[in-house]
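A.B. asks: Structure for the following, please:
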Amino acid sequence: MAILALATSGPRGAVGLRLPDGQRAEAALEDGARRGRGVARAIQGLLEDHGLRLDHLTAIAVDAGPGSFTGVRVGVTTAKSLAFALGIPTVPVGSLEALAALAPAADVVLAVRDAGRGTLYHAVFGPVVDGARPLLVEAGRAPGADVAALGYDARPIGEEAPQLTDQFDLGRDPLALVAGPQAILAVAEPRLARGETCAAHDLVPRYLQASAPERKAAGDLT
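C.D. replies: Got it, this is the predicted structure:
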């Protein structure tokens, strides 16, 4: 079983593979909009490095957001296109739940990402119980002060958790974690084993806010 993992919504995009022998590999993408131009090349290079072809893939795990609009679009569009062409299923993974999958099992965690304009993407997860980490607060976008006032004694986690904690007083002992291919696969593989997949035409991004052009058209952005 070879699974392609696309983790493109965060500050540092990457693609990864779950190889048929169970090992994992990944390759970093370029920054910003350039990640879109490099994702196909990175996938092909990673496959070739391990003696695989596109038609060896059995599923695609994809970071569906929230995060960078460009990054989310790149990942979801790539996953949809390949899944259509290859006739294989996708497994969408929220970037915040991918962060939570990496956190210490005993912690209540506040997964956060910068959403711009003083707001945060956020979700709260409880400690791991019977192999699962319960969702306590659904993923959303809110002003940093509102996130800090959620009322949970939660450890902030995320790519920029230390900086965001300092900025918004989010809590104690922040932990910098990256929602990369390893995190996406950690969430996706059990779902795939349970048959919890998504057809390509049903795969949708999780933006949690309107795009800048949409906000501008609505008069919310100058």
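A.B. asks: Run the chain-centre distance for stretch 21-29.
C.D. replies: Its chain's average C-alpha position is 16 Å from that of stretch 21-29, according to CA atoms, centre = their mean, to the nearest Å.
A.B. asks: and for that stretch, what are the contacting residues?
C.D. replies: Residues from elsewhere that reach stretch 21-29 (CB atoms under 8 Å, 6 or more residues apart in numbering): 5, 8, 12-19, 35, 38-39, 42, 45-46, 49-50, 180-182, 185. Heads up, the C-betas are built off the backbone N, CA and C, glycines and all.
A.B. asks: Name the residues of it that are buried.
C.D. replies: Buried positions in stretch 21-29, judged by neighbour count with 16 or more other CB atoms under 10 Å: Glu26, Ala27, Leu29.
A.B. asks: Span of that stretch from start to end?
C.D. replies: 24 Å (CA to CA, to the nearest Å).
A.B. asks: Give me the average confidence score over that stretch.
C.D. replies: The average pLDDT for stretch 21-29 rounds to 95.
A.B. asks: I'd like the domain boundaries of this structure, if you could list them.
C.D. replies: With domains defined by automatic domain parsing, the chain comprises 2-94+179-217, 104-176.
A.B. asks: Check those for me: which has the lowest mean pLDDT.
C.D. replies: Among those, domain 2-94+179-217 carries the lowest mean pLDDT, a mean of 91.
A.B. asks: what helix or strand does the residue nearest to Ala154 when sequence neighbours are not counted sit in?
C.D. replies: If the residues on either side of it in the chain are set aside, Ala154 comes closest to Leu110, at 3.9 Å by CB to CB, 6 or more residues apart in numbering. Here Leu110 sits within strand 109-116, counting by DSSP states H and E.
A.B. asks: which ones are touching the residue nearest to Leu164 when sequence neighbours are not counted?
C.D. replies: Excluding its sequence neighbours, the residue lying closest to Leu164 (CB to CB, 6+ apart) is Val112, at 5.4 Å. With contact set as CB under 8 Å, 6+ apart, Val112 has these partners: Leu96, Leu120, Tyr121, His122, Val147, Pro156, Ile157, Gly158, Glu160, Ala161, Leu164, Leu170.
A.B. asks: looking at this, the first one is in a helix?
C.D. replies: Looking back up the chat, that one is Leu96. Yes: under DSSP: H, G, I helix; E, B strand; the rest coil, Leu96 sits within a helix.
A.B. asks: Test for you: state the pLDDT assigned to the most centrally placed residue in the chain.
C.D. replies: Central residue of the chain (CA atoms, centre = their mean): Ser95, 2.6 Å from the mean position. Looking at Ser95, its pLDDT reads 98.
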